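Student: 3D model of this:
(chains A and B)
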Amino acid sequence: MTTVPAHGSPLWRRALLTREAATIALLVVVWSVATASVRGFDGPLTITYLILDITPVLLVALPMTAIVVTGEIDLSVASVVGLSSVLFGLLHQAGVPLPAAVAGAAVAGALCGVVNGVLVAYLGLPSLAVTIGTLALFRGLAVGLLGTAAVTDFPRNWTQAARATLGGTPFPSVTVLLVAAVAVFAVLLHGTAFGRNVFDMGRSKEAARFSGVATRRTLLVLFVLSGFVSALAGVYYTLRYGSARGDNATGLELQVIAAVLLGGVSIFGGRGAVHGVVAGVLMIGVLSSALRLEGVTVNLINIVIGVLLVLSVVSPRVVAAIRARRPARPPSTSLPAASPSVQ
Amino acid sequence: MKFSRSVAVLVAAGAALALTACGGAADDAGGGDGVTVTMLPKNLGNPYFETSTSGAEEAAGELGLALEEVGPETSTPDSQVPFINTSAQQGVAALVVSANDPRAIGDALDEARAAGTKVVTFDSDTDPEFRDIFVNQATAEGIASKQLELISEQIGGSGEIAILSASANATNQNAWIELMEAQLASDYPDIELVEIAYGDDDDQASFDKTAALLQAHPDLKGIVSPTTVGVAAAARYVSTSEFKGKVAVTGLGTPNQMREYVEDGTVTAFALWNPGDLGYLAAYAASALVDGTITGAPGETFEAGRLGEFTVGEDGVVLLGDPFVFDASNIGDFDF
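Tutor: You can find the predicted model right below:
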């Protein structure tokens, strides 16, 4: 009818009030509190270690974001990280040149993704069940291949490259890779037809299919991407810690999924943005770093992450429930006192 | 869009609470202005390392150090690295670490040392280039000769013995067994080693191998098991068999696993080091590095409280001493 936008408030205000903005604001708060009150947090090593620590989480969180937006999930990512780490180590041990070993691990990761993708997309099985199964399967393969042993004789120029900083700055060189990966996934998800399909699938797979979206192929591509990126994370993990082991990155999926949900991606699909997830990953990294500096045990760090995860899933529901009750009441408080108790 | 603000408030409250609550707790614990030392065992919740940490705490009390223990849940190198990083960030004076891998944590230790932190390894060493001092619990020679001394005493100096090892390719086990074979040949002419069995550090397999050894060698007088799993399984088998009191069992064991068999008379004595003393010595070595008494060069000496004076050996190794013998008279003093 008119040119007045459908939204009552201007764009800048809406941008400030999104879930993502809330996470970013929270990140700033946590960072400030940590800088002010945690001994050692304001030191130059904090940023270096923070980025080194979050690299595998952030890498894996990017395809995970797309998968969760479609309403699916990939719980097998940490096991793919572990399996690719083991394969990378074994290939190196067998005398394969390191670049070829990286490629081998990446191919294996992509194949893991094919397994997940085919089972979910083409056999129509629930991703939760499928990827719990492959979580155990891939981890079992990883531990089975190397047993309790470890491959640790990686060339030091490679392990140091995984930790090196960009001349004179606290930023590790891996930051370049991270920025590139974030940019690629942001464009893929928010700037392409493929990305629009992903969001459409999250709102309704049926509707998306009827409107011509190749839902199966899209899902398969996402799971393969997830496997591939997890494998790269596995190679990075191996070099950063100088150790290829079957139990590498056990439990990483918890941090990844916590970061994705904390970053404002709806677990029910259809909503989410890459910048929110980046903030979610940073939030978990900053919290872990600050809590470790305070000498807090790993268990307590996991409790904090777990509570944040639950809060980020529950709070929209709680708020939505509260809002749903409000319109039912008249604007004034003249409601008979008896009516609430009818419930 | 009110809900996003509520979310922010909720989550922020949780996060801020977590930070401030923990901040308060840690301030109370590590509030000392003095020298801070971080103790990083292979993993937390492990009675062996709980004993070594209490030894280190005893030393820290005597030296006036602020000692903080941190560590991962699982004994993997990747889980140890973040704690080493944290020590570097905090700029602690010294880090006392039992390495989960001789090389994997090396880069992280390098960075900590570049930040001015002295690094002492104990129990499990890294490659020498990554640390200042390694506090070694026992040498292979000491372990081998102490076990032979024990079995020889227990069987009266002559007769057949067998060894129950872990896996056939366990490096440390094989090194000890080789040394034992050499010492048997030179120093114990009347003792014959009839078989080396492998229980793979599996309780059930070790138990079965013990039964098989006793069947195959009716004249067997003693079993030496240089692995904590093996010696406990062998003792368990012997304690409920007709061989109890006739066949001696000894080796490297922990007091908690062996207590029952020492009390019921199956086992007279067994050896290991005392992890409490190990932690105590490691803390003294850290302190000596921090105050400049030693740098890690061979020949330097330092005082370690009730344990006396120690000399730094080749490759910056400080040796705790001969293995410690546990028997009925002292096993009650240990809980690990």
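Student: Please verify my assumption that residue B:287 contacts residue B:118.
Tutor: No. Under the contact definition of CB atoms under 8 Å, residue B:287 does not touch residue B:118, with a separation of 9.3 Å. All C-beta spots, glycine's among them, are computed from the backbone N, C-alpha and C.
Student: what about the spatially most central residue of chain A, which helix or strand?
Tutor: When CA atoms, centre = their mean is applied to chain A, the residue found nearest the centroid is residue A:61 (2.2 Å). Assigned by DSSP states H and E, residue A:61 belongs to helix A:45-69.
Student: and that helix, what other elements does it pack with?
Tutor: helix A:77-93, helix A:174-190, helix A:193-203, helix A:215-241, helix A:252-262, helix A:274-293, helix B:77-90 (3 or more CB pairs under 8 Å, 6 or more residues apart in numbering or on different chains; DSSP states H and E).
Student: from these, which stretch is densest packed?
Tutor: For the helices and strands packed on helix A:45-69, ranked by mean neighbour count under the definition mean count of other CB atoms under 10 Å in any protein chain shown, the leader is helix A:77-93 at a mean of 28.
Student: what's the angle from it to helix A:252-262?
Tutor: 130 degrees (axes from the mean of the first three to the mean of the last three CA atoms, to 10 degrees).
Student: report the angle between the axes of helix A:77-93 and helix B:77-90?
Tutor: Put simply, helix A:77-93 runs at 100 degrees to helix B:77-90, going by the same axes, to 10 degrees.
Student: who's in contact with the residue nearest to the centre of chain A?
Tutor: A:256, A:259-260, A:263, A:277, A:280-281 (CB atoms under 8 Å, 6 or more residues apart in numbering or on different chains).
Student: OK, contacts around residue B:39?
Tutor: For residue B:39, the contacting residues are B:53, B:56, B:67-71, B:96-97, B:279, B:283, by CB under 8 Å, 6+ apart.
Student: could you redo the last one with a cut-off of 10 Å?
Tutor: When the contact criterion is CB atoms under 10 Å, 6 or more residues apart in numbering or on different chains, the partners of residue B:39 are B:49, B:52-53, B:56-57, B:60, B:67-71, B:94-98, B:120, B:122, B:279, B:282-283, B:286.
Student: Repeat that for residue A:85.
Tutor: Taking CB under 10 Å, 6+ apart as the criterion, residue A:85 is in contact with A:105, A:142, A:146, A:150-151, A:231, A:233-239, A:241, A:243-249, B:78.
Student: again with residue B:73
Tutor: By CB under 10 Å, 6+ apart, the contact set of residue B:73 is A:251, A:297-299, A:302, B:43-45, B:79.
Student: Would you mind giving the secondary structure of it?
Tutor: When the structure is split into helix, strand and coil by DSSP: H, G, I helix; E, B strand; the rest coil, residue B:73 lands in coil.
Student: pretty sure residue B:147 contacts residue B:248?
Tutor: No. At 11.5 Å, residue B:147 and residue B:248 do not qualify as touching, with contact defined as CB atoms under 10 Å.
Student: okay, and the common contacts of the two?
Tutor: Listed as contacting both residue B:147 and residue B:248 by CB under 10 Å, 6+ apart are residue B:224.
Student: Mind pulling up the pLDDT for the closest residue to chain B within the stretch 51-200 of chain A?
Tutor: Ranking the residues of the stretch 51-200 of chain A by distance to chain B (CB to the nearest CB) places residue A:152 first, at 4.5 Å. Note for residue A:152: predicted pLDDT of 86.
Student: ok, for it, nearest residue in space, not its chain neighbours?
Tutor: Counting by CB to CB, 6 or more residues apart in numbering or on different chains, residue A:152 lies nearest to residue B:103, which is 4.5 Å off, once chain neighbours are set aside.
Student: what sits against that neighbour?
Tutor: Under the criterion of CB under 10 Å, 6+ apart, the contact list for residue B:103 reads A:150, A:152-154, A:156, A:159, A:242-243, B:77, B:126-127, B:129-130.
Student: what about it, which SS state?
Tutor: For residue B:103, the secondary structure call by three-state DSSP comes out as coil.
Student: So which of the contacts of residue B:103 is the closest to residue A:36?
Tutor: Lowest distance from residue A:36 to the contacts of residue B:103 (CB to CB) belongs to residue B:77, with 33.2 Å.
Student: how about the strands in the stretch 51-200 of chain B?
Tutor: Read by DSSP state E, counting those that start in this stretch, the stretch 51-200 of chain B holds these strands, from start to end of the chain: B:66-69, B:94-97, B:118-122, B:133-136, B:159-165, B:191-198.
Student: what's the burial count for residue B:54?
Tutor: Applying other CB atoms under 10 Å in any protein chain shown, we find 17 residues neighbouring residue B:54.
Student: And it, how far from residue B:334?
Tutor: 11 Å (CB to CB, to the nearest Å).
Student: and if you look at residue A:87?
Tutor: Distance from residue A:87 to residue B:334, by CB to CB: 43 Å.
Student: Need the per-residue pLDDT for the residue nearest to residue A:217 when sequence neighbours are not counted.
Tutor: Among residues not flanking residue A:217 along the chain, residue A:121 sits closest, at 7.5 Å (CB to CB, 6+ apart). Confidence at residue A:121, expressed as pLDDT, is 95.
Student: residue contacts, residue A:121?
Tutor: By CB under 10 Å, 6+ apart, the residues touching residue A:121 are A:72, A:127, A:214-223.
Student: at 7 Å instead, please
Tutor: If a contact means CB atoms under 7 Å, 6 or more residues apart in numbering or on different chains, then residue A:121 has A:216, A:219-220 as its contacts.
Student: The helix or strand harbouring residue B:234 and chain A, any residue contact?
Tutor: Under the assignment given by DSSP H and E, the secondary-structure element containing residue B:234 is helix B:228-239. No. Judged by CB under 7 Å from any CB of the partner chain, helix B:228-239 makes no contact with chain A; its nearest approach is 13.7 Å.
Student: immediately after that helix, which helix or strand?
Tutor: The first helix or strand that comes after helix B:228-239 along the chain, using DSSP H and E, is strand B:248-251.
Student: And that next one, what does it pack against?
Tutor: The criterion is 3 or more CB pairs under 7 Å, 6 or more residues apart in numbering or on different chains; DSSP states H and E, and the helices and strands that strand B:248-251 contacts are helix B:140-155, strand B:220-225, helix B:228-239, strand B:269-272.
Student: Using a markdown table, lay out these together with mean neighbour count and mean pLDDT.
Tutor: Formatted as a markdown table, these follow (neighbours: other CB atoms under 10 Å in any protein chain shown; pLDDT from 0 to 100):
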| stretch | mean neighbour count | mean pLDDT |
| --- | --- | --- |
| helix B:140-155 | 20 | 95 |
| strand B:220-225 | 25 | 96 |
| helix B:228-239 | 25 | 95 |
| strand B:269-272 | 25 | 96 |
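Student: List the contacts of residue 198.
Tutor: The chain I'm using is chain A. Applying CB under 7 Å, 6+ apart, the residues contacting residue A:198 are A:66, A:69-70, A:189, A:218.
Student: think we crossed wires, I meant chain B
Tutor: The neighbours of residue B:198, taking CB under 7 Å, 6+ apart as the test, are B:165-168.
Student: before we move on, what about residue B:77?
Tutor: When contacts are counted by CB under 7 Å, 6+ apart, residue B:77 is found next to A:241, A:243, B:100-101, B:104-105.
Student: mind running it again at 8 Å?
Tutor: The contact partners of residue B:77, by CB under 8 Å, 6+ apart, come to A:150, A:152, A:241-243, A:245, B:99-101, B:104-105.
Student: got a list of contacts for the helix holding residue B:234?
Tutor: Under the criterion CB under 8 Å, 6+ apart, residues B:164-166, B:199, B:201-204, B:206-207, B:210-211, B:214, B:223, B:225, B:244, B:247, B:249-254, B:257-258, B:260-261, B:264, B:266-267, B:270, B:272 lie in contact with helix B:228-239.
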